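In: 3D, please:
(3 chains)
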Amino acid sequence: MELNKREFLTLSAGALAFASVAGTSGIALAAVEPTADEMIKAFTSGAAVGEGKVSLTTPEIAENGNTVPVEVSVESPMTADNYVAEVMIVADGNPNPGVATFKFSAMSGEAEASTRIRLAQTQNVIAVAKMSDGSFFMDKKAVKVTIGGCGG
Amino acid sequence: MAKSKPRVKVPKTADAGEIITIKTLISHQMESGQRKDKKTGELIPRKIINNFKAAFNGTVVFETVIEPAVSSNPYIQFKVKVPESGEFKFTWTDDDGSVYETAKKIKVG
Amino acid sequence: MKLFSTKSTALFGLTALIASTVSSPVLADADNNKLVIDGTPLVTDVAAPADSELDRLYSGWRFRSAETQSLQADDFENPAMPFVDTGADLWNAADGSEGKSCSSCHNDAEESMKGVRAEYPKWNAKLNKPHTLETQINECRETRMGAKPWKWESGEMLASTAYIGLQSRGMPTKVQTTGPMAKWHDMGKDLYYTRVGQLNMSCANCHEEQVGKKIRSDHLSQGQINGFPTYRLKWGGLGSSHRRFKGCMDNIRATPFKRGSDEFIALEVYVAARGTGLSVETPAVRN
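Out: Predicted coordinates for the structure are as follows:
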């Protein structure tokens, strides 16, 4: 695999940032994408992740893996001192598991967002919510991806 | 291909404190960096919209950090509680440094 | 029951859709959903004309999943719409040596282009062959504007055909198949029924004989082209009917004809005629 300078720098920076967050040694390793589990650990700094509060909506079967609608909502009063700060979405079967991170604020009113994503194969989509008090919650949905329609 | 074109849908009016839904879409290839050029076999370099921000009267109220797994022509829908009349400003940032912006006014009360 | 009103949350308001599918009788493997775009109902099934080989005509929309269907039922959710906006800009942009834009001659597209998509390909006596929307646009560009023609599948061409096509949305497909068009219709029909490629298949083998069945986990439609240029999730963008024809030919391991070739123009005439009466859906959304 050949990388241009910018890609190499971006990937190295990502690997370094990840390594430092995960608390491993600061040696710059080859540019290997972290797994979904590793990304979640980095996001939570290893804190426990509870079930509930988060609901992730995906189709059970995606008609085409190129455009899969996902919606996430998190139970929260969304007040200035009690709100959902961020929700990270990862896809554990993609070559690069990162999908998107929604950053909410007390002005969001409701912690709810949706987008359309690419899934390379049948896999789990995982949403991890970081609350303003530093606690974490998650939901996980399996999405079957068909081979993507007939040619063309 | 033509320059990226953003579209946003914001209600024109709302009650004070109402939670509104905002829909956004921008035309963009979202080249993932995973695809190979069919002719040369070389990887096509990544070029995506990597960040989206919505600000209301100057304060960022919602942001999305975007990875290559977001589909081409990225669509993002979210909610905002609007306390007063004002202006939403939406900003998309491209890997190549380009910034695409659009704004919408809302009347509250 | 009205589905897909502007107020419904289209992406995830699927319960109603699923309920209607389950409780209704199965109709030739197309579903029973109704396509209403921002309050305007579209015709997605219609009685076949007397000379048709099909019993009833169904839009490809009726074969898609609820998620894909909902993308087309709301113009904001439809990912083709930013390209339509680009098409509107191009309509008004002067180009070429004459300093003219489309609007210099045709004024407001919302008026002048109404019904155009529904009757293309259309016979052109001077050319002595049918014009597709693409060749008509390029003729204008070259002879009226003194501008370079656009490539068939270029972003500019697709944006323009999507914008022009949208002005006919909801109108019934109605291409001429008689007079000088008869020859092109018949040539297209021959191509439709001729087996080609290493897999030795014709269009009819899938899109007439196996409609409603699964092929590579895809739900086979009648191959109607009333929504082109269409936004395919697989493409992540707009594509022409000729691109779709080429894709089918590649799949059956045949050597595809070129976009804009007489063969594909004839096939477009014939396939468009097979959808007579279906609403123009441009720009549709498919998988």
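In: Can you name the residues of chain A that neighbour chain B?
Out: When proximity is defined as C-beta under 8 Å from any C-beta of the partner chain, chain A approaches chain B at A:1-2, A:4, A:7, A:66-68, A:71, A:78, A:91, A:94-105, A:107-110, A:112-119. Quick note: C-beta positions are derived from backbone N, CA and C, even for glycine.
In: check those residues against chain C, which are close?
Out: A:66-68, A:71, A:114, A:116.
In: Of those residues - the most surrounded one?
Out: A:Thr67 (26 neighbours; other C-beta atoms under 10 Å in any protein chain shown).
In: Would you mind measuring from it to B:Lys47?
Out: The gap separating A:Thr67 from B:Lys47 is 19 Å, by C-beta to C-beta, to the nearest Å.
In: do the same with C:Asp89
Out: 22 Å.
In: sec struct for residue 138, please.
Out: Going with chain A. strand (DSSP: H, G, I helix; E, B strand; the rest coil).
In: Wait, chain C was what I had in mind.
Out: Going by three-state DSSP: C:Asn138 is helix.
In: Verify the assumption that C:Lys189 is located in a helix.
Out: Yes - with three-state DSSP as the criterion, C:Lys189 is assigned to a helix.
In: burial of the residue lying closest to it once chain neighbours are set aside, as a residue count?
Out: The shortest distance from C:Lys189 to any non-neighbouring residue, by C-beta to C-beta, 6 or more residues apart in numbering or on different chains, is to C:Tyr270 (5.0 Å). The number of residues packed near C:Tyr270 is 23, by other C-beta under 10 Å.
In: dump the residue contacts of C:Tyr270.
Out: By C-beta atoms under 8 Å, 6 or more residues apart in numbering or on different chains, the residues touching C:Tyr270 are C:184-185, C:187-189, C:191-192.
In: the helices in chain A, which residues?
Out: Assigned by DSSP state H, chain A shows helices spanning A:5-22, A:36-44.
In: What parts of the stretch 51-200 of chain C come near chain A?
Out: C:64-68, C:79.
In: again, only using 10 Å
Out: When proximity is defined by C-beta under 10 Å from any C-beta of the partner chain, the stretch 51-200 of chain C lies next to chain A at C:64-71, C:77, C:79.
In: Adding pLDDT, write the residues you listed out as a markdown table.
Out: Formatted as a markdown table, these follow (pLDDT from 0 to 100):
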| residue | pLDDT |
| --- | --- |
| C:Arg64 | 93 |
| C:Ser65 | 90 |
| C:Ala66 | 91 |
| C:Glu67 | 91 |
| C:Thr68 | 93 |
| C:Gln69 | 95 |
| C:Ser70 | 94 |
| C:Leu71 | 94 |
| C:Glu77 | 92 |
| C:Pro79 | 95 |
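In: so what's B:Glu18 up against?
Out: Going by C-beta atoms under 10 Å, 6 or more residues apart in numbering or on different chains, B:Glu18 touches A:109, B:11, B:80-83, B:106, B:108.
In: Run through the bridge partners of it.
Out: B:Val82 (DSSP bridges).
In: contacting residues for the spatially most central residue of chain A?
Out: Geometric centre of chain A, nearest residue: A:Ile89, 2.4 Å, by C-alpha atoms, centre = their mean. By C-beta under 10 Å, 6+ apart, the residues touching A:Ile89 are A:56, A:70, A:72, A:97-102, A:113, A:115, A:117, A:125-128, B:64, B:67, B:69-70.
In: Filter the residues of chain A next to chain B down to the buried ones, PyMOL style.
Out: Selection of the buried residues among these in PyMOL, burial being defined by 16 or more other C-beta atoms under 10 Å in any protein chain shown:
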select buried, chain A and resi 7+66+67+68+71+78+91+94+96+97+98+99+100+101+102+103+104+105+107+108+109+110+112+113+114+115+116+117+118+119
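In: where does the chain dip in pLDDT?
Out: Just going to use chain A. Along chain A, segments meeting pLDDT under 70 span A:1-31, A:147-152.
In: if you could check chain C rather than the one you did, that'd help
Out: C:1-28.
In: Please enumerate the helices of it.
Out: Under DSSP H, chain C gives helices at C:15-23, C:66-72, C:81-92, C:102-106, C:109-112, C:133-139, C:155-166, C:181-193, C:203-207, C:241-251, C:262-273.
In: Turn those helices into CSV, including distance to C:Val285.
Out: CSV is the format used below for the helices of chain C (distance: least, C-beta to C-beta, whole Å):
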stretch, distance to C:Val285
helix C:15-23, 15
helix C:66-72, 4
helix C:81-92, 10
helix C:102-106, 25
helix C:109-112, 22
helix C:133-139, 19
helix C:155-166, 12
helix C:181-193, 25
helix C:203-207, 19
helix C:241-251, 14
helix C:262-273, 19
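In: neighbours around the residue of chain C found nearest chain A, how many?
Out: Nearest residue of chain C to chain A (C-beta to the nearest C-beta) works out as C:Gly247 at 2.1 Å. By the measure other C-beta under 10 Å, the count of residues near C:Gly247 is 18.
In: cool, C:Val116 as well?
Out: 19.
In: residues contacting it?
Out: C:106, C:109, C:122, C:133, C:136, C:164-165, C:167-168, C:171, C:280.
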